[in-house]
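S.K.: the following block contains a protein sequence and its predicted model.
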Amino acid sequence: MFSEVIAAYNEAVFDTDRGRALQVVQDALAQGVAPEDVLFKVVAPALELMIQTVSGEAEFNLAQHFMASQIAAEVTEAMLSRMAAPPQAIGRVVIGTAPGDFHSLGKRIVVGCLKARMVDAIDLGLDVTAERFVDAAVERGAAVIGISSMMMHTATGPGGCLKVRQLLRERGLEDKIKVAVGGAPYRFDPELYHAVQADAWASDGVMAGRVIADLIKEA
């Protein structure tokens with residue numbers, strides 16, 4: 001029965017059928033599947049499978065990406081509310097778009113995937129200054145700053161990731177707070193993250209969830 005739940009959920013997610021995915025979860029709970037098993041044996045593996053699919057199929061587009069991550073985030077929140085003792089988040093990240101960048105979709109995908117990975121993601125919104133990134137990370141105890149950029153000039157601008165790195169260095173925080181970047185410019189040039197002095201980059205929203213979770217574990 002459990003294998004059938006996994007197969008049905010995966011099919012619904014890859015079809016971006018939110019209603020069917022949520023119904024699969026509700027049916028599983030009604031049949032006695034524990035919320036913990038739904039979260040860690042159905043939702044989390046589905047994200048891993050999606051990463052593999054994204055890597056191998058160019059047809060898997062941004063809209064599918066977004067919907068799949070939102071389904072995962074919604075199911076995660078629902079399962080946590082049902083657990084007698086919800087698991088603690090593995091860590092915290094502050095995330096936003098670079099100064100001058102107003103593209104939100106990629107960032108929203110990342111936030112959804114992070115929630116499903118038990119990462120406390122604090123969304124700072126759009127057009128976030130370097131000072132705000134660093135101040136928020138310090139105030140909220142975040143181990144990672146995530147910076148999303150959809151244009152080359154916002155990715156490489158002096159007020160973006162380069163400025164974040166400068167502030168972390170000046171405040172003696174480089175060993176405590178990591179920086180992850182993502183967005184179209186980094187897909188065009190996979191080595192760009194070195195130029196902007198980030199610690200890591202992700203090729204897409206789903207992979208960003210894994211990259212940021214790994215950075216948190218290293219912190």
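M.R.: The structure has been received and is ready for your questions.
S.K.: tell me the contacts of Leu168?
M.R.: Leu168 sits next to Val134, Glu174, Ile177, Val179 when contact means CB atoms under 8 Å, 6 or more residues apart in numbering. For glycine as for every other residue, the C-beta is placed from the backbone atoms N, C-alpha and C.
S.K.: filter those to the buried ones?
M.R.: By the neighbour-count criterion of 16 or more other CB atoms under 10 Å, the contacts of Leu168 include these buried positions: Val134, Ile177, Val179.
S.K.: and the last one, what pLDDT?
M.R.: Right, the one you point to is Val179. If you check Val179, the pLDDT there is 98.
S.K.: what sits against it?
M.R.: Val144, Ile145, Gly146, Ile147, Cys161, Val164, Arg165, Leu168, Gln197, Ala198, Asp199, Ala200.
S.K.: so which of the residues you listed belong to strands?
M.R.: Val144, Ile145, Gly146, Ile147, Ala200 (DSSP state E).
S.K.: strands of this protein, residue ranges please.
M.R.: Under DSSP E, the chain gives strands at 91-97, 119-125, 144-148, 178-182, 200-202.
S.K.: which other residues reach the shortest one?
M.R.: Defining contact as CB under 8 Å, 6+ apart, one finds that strand 200-202 is touched by 110, 178-182, 186, 190, 192-193, 208, 210-212, 214-215.
S.K.: can you list the strands that it pairs with?
M.R.: strand 178-182 (parallel) (DSSP bridges).
S.K.: and for the second one?
M.R.: According to DSSP bridges, strand 119-125 has the following sheet partners: strand 91-97 (parallel).
S.K.: and of the contacts of Val179, the nearest to Val94?
M.R.: Ile145 (5.7 Å; CB to CB).
S.K.: burial count for that closest one?
M.R.: 31 (other CB atoms under 10 Å).
S.K.: and what of the one 4 residues further on?
M.R.: Using other CB under 10 Å as the criterion, Ser149 is surrounded by 28 other residues.
S.K.: OK, contacts around the nearest residue to it once chain neighbours are set aside?
M.R.: Spatial nearest neighbour of Ser149, excluding adjacent residues (CB to CB, 6 or more residues apart in numbering): Ala155 at 3.7 Å. Going by CB under 8 Å, 6+ apart, Ala155 touches Ala98, Ser149, Cys161, Val181, Gly183, Pro185, Tyr186, Leu192, Val196.
S.K.: and the longest helix seen in the chain, how far from the chain's centre?
M.R.: If you go by DSSP state H, the chain has its longest helix at helix 62-82. Relative to its parent chain, helix 62-82 has a centroid offset of 11 Å by CA atoms, centre = their mean, to the nearest Å.
S.K.: and what of stretch 20-28?
M.R.: For stretch 20-28, the distance to the chain centre is 23 Å (CA atoms, centre = their mean).
S.K.: contacts for that stretch next, please.
M.R.: Contacts for stretch 20-28 (CB under 8 Å, 6+ apart): Val5, Ala8, Tyr9, Ala12, Val13, Val38, Val42, Ile71, Glu74, Val75, Ala78, Met79.
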